[in-house]
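Peer 1: quick one, what's the 3D model for this:
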Amino acid sequence: MRQVSILGLALWTSACATSGALSDPDSDPELREDRAARMKSDASHVQDPPEIAPTVVPPSQTLAPPDVLAGQLEDQRACMNQVNAIDESYQDRQAAWKLLFACVEKGKVTSFDILFEDRWRPFLVKLDATSQAKVASRLIASRGGKVAGDIPLAQKQGIKLFGLAEVIEQPSMHKGSLVLVRAAVTDQSEQGAGVAFELDETTDRAIDYYESSYDSTGQGVDRLGRKLAQDRYGRKYARARSNSVTMPTGRTLTAKAPTPIRGIEVEGEYLFLVRFEKRRPPEDDLDDSQHAVVTVLGAFKPSVDALPLGR
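Peer 2: As a prediction, this is how the structure comes out:
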């Protein structure tokens, strides 16, 4: 009996070993291929995690508002450094344009070439004609208010802006035209909810003159009390001086604003952006004045911040 048990145990052990060898995938090429195929199929159903794009914070969330930032920048160079940084680093041209526009409004930009660069044209063309004329007028005021010389520069850039002399000679053709005029305020009065101004147009002119005097000793001095220069023969002479002065042109205006304009004073001189309404006919045959009736759209003091419409 014991021999039979030992023989049975040996046969059972041998069978298990044989069965294990047949089921081992590493020992059977077909099983290895089958397992590899199953692993490949399972892997195809596993998706890689999505790539996370780097977060770019727009300038509107990292910088001060354009008008605040423009007020903090010192001059045109500082403005353009910041504008270019936003345009190039953030690649946000619209934010760069908003800052440039704010710099112009603050009187920090004085170059036509900068404002009318090709990269800003898509934004400029979206402005209506009045808004385009306002930004050009603000720029001209920042440049010192040389209206006669700067209006052609604005026109060259496609801005529909005219001088008073041109429109007053052809009043029918230019009714409704936008005009930039430099004028002295001779009177202002309330008119309903708005205000009316009487204006005398002025223009800049360079005046050359000599100014010298001699004291009791015969020593030549200039107006500031400085000794005059001497030529090589010891004779005293005065140097030519040149001043830019404003002079009336003879053209006058009655200008009406729908709301009061803060900061306008009688005898002050300002740039007015106006809409031409009509030319007042002469009162008699001896009246050779050229008087225009206009509506005020904006007012600027040369080289000083704009004077906003409204209280």
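Peer 1: next, Thr254: phi, psi?
Peer 2: With angles defined as degrees, to the nearest 10, Thr254 shows backbone torsions of phi -110, psi 120.
Peer 1: I'd say it and Glu198 touch.
Peer 2: Yes: using CB atoms under 8 Å, Thr254 and Glu198 qualify as a contacting pair, with a distance of 6.2 Å. Glycine gets a C-beta too; all of them are placed from N, C-alpha and C.
Peer 1: quick one: the strands in this protein, in order.
Peer 2: 178-191, 194-210, 213-214, 220-221, 229-230, 236-237, 240-257, 269-279, 290-300, 306-307 (DSSP state E).
Peer 1: got the residue ranges for the helices in the protein?
Peer 2: Secondary structure of the chain (DSSP state H): helices at 2-23, 29-44, 59-62, 66-72, 76-89, 93-105, 112-115, 121-124, 129-142, 147-156, 164-169.
Peer 1: lowest average confidence across those helices, which one?
Peer 2: Ranked by mean pLDDT, these end with helix 2-23 at the bottom, a mean of 48.
Peer 1: got JSON lines for the strands of the chain, with mean neighbour count, mean pLDDT and distance to Gln132 too?
Peer 2: Shown next, in JSON lines, are those (neighbours: other CB atoms under 10 Å; pLDDT from 0 to 100; distance: least, CB to CB, whole Å):
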{"stretch": "strand 178-191", "mean neighbour count": "19", "mean pLDDT": "97", "distance to Gln132": "9"}
{"stretch": "strand 194-210", "mean neighbour count": "16", "mean pLDDT": "82", "distance to Gln132": "23"}
{"stretch": "strand 213-214", "mean neighbour count": "12", "mean pLDDT": "48", "distance to Gln132": "52"}
{"stretch": "strand 220-221", "mean neighbour count": "16", "mean pLDDT": "48", "distance to Gln132": "52"}
{"stretch": "strand 229-230", "mean neighbour count": "12", "mean pLDDT": "48", "distance to Gln132": "50"}
{"stretch": "strand 236-237", "mean neighbour count": "13", "mean pLDDT": "46", "distance to Gln132": "51"}
{"stretch": "strand 240-257", "mean neighbour count": "15", "mean pLDDT": "82", "distance to Gln132": "20"}
{"stretch": "strand 269-279", "mean neighbour count": "21", "mean pLDDT": "97", "distance to Gln132": "11"}
{"stretch": "strand 290-300", "mean neighbour count": "21", "mean pLDDT": "96", "distance to Gln132": "12"}
{"stretch": "strand 306-307", "mean neighbour count": "19", "mean pLDDT": "56", "distance to Gln132": "15"}
